[in-house]
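>>> predicted model and sequence follow; I will ask about them next.
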Amino acid sequence: MQDCNSAKNPMSATDVPQLNDGAQPTDATRYRRVLGKLQYLSFTLLDINFSINKLSQFMYCPSEVHWKALKRVLRYLQSTIQLALHIQRDNDFKLYMYSDADWAGDVSDRASTTGYILFFSQNLVSWSSNKQRTIARTSTDAEYRAVASALDETNWVTNLLKELHVSLPQAPTIYCDNVGATYLCANPIFHTRMKHIAVEFHFVRKQVQQNQVHIVHIHAADQLADTLTKALPKSTFDKHLFKLGVITHGLS
């Protein structure tokens with residue numbers, strides 16, 4: 001695919017692959033071989049992380065539609081080979097996280113997708129895109145589970161920094177675009193509405209009450225973690241990549 005046509009984004013925002021699409025099956029061995037190589041590449045390329053996570057869900061019975069979507073990722077990589085994650089020097093040791101969930105976004109089983117992005121100072125240091133294991137009954141449920149996953153990662157990085165004798169000037173902040181989940185993290189009144197959530201997720205509220213972390217609401221348009229929960233239109237995708245520090249190599 002060296003001379004292939006370029007793709008503006010790794011996955012179409014209007015034609016997301018599905019499990020049962022009715023298309024003819026494709027060569028599963030070929031599909032898994034290419035996807036396996038891209039999985040390793042996604043460890044360092046945030047922009048294809050969601051797409052690879054999504055396409056990995058079809059590796060046991062891929063169709064021609066899935067293969068076409070996988071080739072789109074390759075065409076995107078070919079046209080954006082100059083992009084790189086920009087790391088810059090900074091003495092402002094703040095730790096903050098963007099957490100998001102695409103509630104019932106998978107039309108096959110209505111599972112939600114969790115995405116989080118962690119910044120240390122102005123530099124992106126960690127990210128994740130994963131399908132939630134249980135079905136969320138409400139958007140607040142899905143977002144709260146995403147915050148819990150984000151807090152797990154935040155705690156791990158915080159402990160790592162302590163071992164490296166790096167002290168944070170303030171408690172880490174997690175940005176969430178769901179008002180209900182933000183209130184639930186701090187307000188016990190909402191507990192009666194969310195009893196179906198496993199007990200372990202309420203460790204979020206405990207750390208908020210102990211001022212070990214701050215959960216802050218932001219507007220959905222500023223939610224950078226959207227990049228890891230759903231396929232985005234070209235304009236939104238590019239805007240998020242720029243804010244995440246994924247820019248053309250050599251520019252600052």
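Alright, I've got the coordinates.
>>> is it correct that N123 is in contact with G245?
Yes. At 6.9 Å, N123 and G245 qualify as touching, with contact defined as C-beta atoms under 8 Å. Where C-beta positions appear, they are placed from N, C-alpha and C, glycine not excepted.
>>> what residues are shared contacts of these two?
I87, Q88 (C-beta atoms under 8 Å, 6 or more residues apart in numbering).
>>> how near is L168 to F93?
For L168, the distance to F93 (C-beta to C-beta, to the nearest Å) stands at 6 Å.
>>> common neighbours of those two, please.
Here L168 and F93 have L161 as joint contacts, going by C-beta under 8 Å, 6+ apart.
>>> now do the residue lying closest to V73 once chain neighbours are set aside, the pLDDT please.
By the measure of C-beta to C-beta, 6 or more residues apart in numbering, the closest residue to V73 outside its immediate chain neighbours is P10, 4.8 Å from it. Looking at P10, its pLDDT reads 96.
>>> looking at this, P10 is in a helix?
No. According to DSSP: H, G, I helix; E, B strand; the rest coil, the state of P10 is coil, so it is not within a helix.
>>> quick one, phi psi at it?
Main-chain dihedrals, P10, degrees, to the nearest 10: phi -70, psi -20.
>>> burial check on it, number of neighbours?
28 (other C-beta atoms under 10 Å).
>>> equivalent analysis for the one 5 residues further on, please.
Burial of D15, expressed as a neighbour count using other C-beta under 10 Å, amounts to 12.
>>> distance of it relative to F43?
Using C-beta to C-beta, D15 is found at 26 Å from F43.
>>> okay, and the beta partners of Y98?
I117, Y175 (DSSP bridges).
>>> just checking, it touches A225?
Yes. Counting by C-beta under 8 Å, Y98 touches A225, with 4.1 Å between them.
>>> mutual contacts of those two, please.
Y116, I117.
>>> residues touching N5, list them.
So N5 contacts R75 (C-beta under 8 Å, 6+ apart).
>>> which residues in the protein form strands?
Under the criterion DSSP state E, the chain carries strands at the ranges 83-85, 95-102, 113-120, 123-131, 173-176, 214-217, 246-248.
>>> can I get those strands in JSON lines including mean pLDDT and mean neighbour count?
Output for these, formatted as JSON lines (pLDDT from 0 to 100; neighbours: other C-beta atoms under 10 Å):
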{"stretch": "strand 83-85", "mean pLDDT": "89", "mean neighbour count": "16"}
{"stretch": "strand 95-102", "mean pLDDT": "97", "mean neighbour count": "26"}
{"stretch": "strand 113-120", "mean pLDDT": "96", "mean neighbour count": "25"}
{"stretch": "strand 123-131", "mean pLDDT": "94", "mean neighbour count": "18"}
{"stretch": "strand 173-176", "mean pLDDT": "97", "mean neighbour count": "24"}
{"stretch": "strand 214-217", "mean pLDDT": "95", "mean neighbour count": "16"}
{"stretch": "strand 246-248", "mean pLDDT": "88", "mean neighbour count": "15"}
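>>> low-confidence ranges, the stretch 1-150 of the chain, go.
Applying pLDDT under 70 to the stretch 1-150 of the chain flags the ranges 1-2.
>>> show me where it has helices.
Using DSSP state H, counting those that start in this stretch, the helices assigned to the stretch 1-150 of the chain run over residues 28-41, 49-55, 64-79, 139-163.
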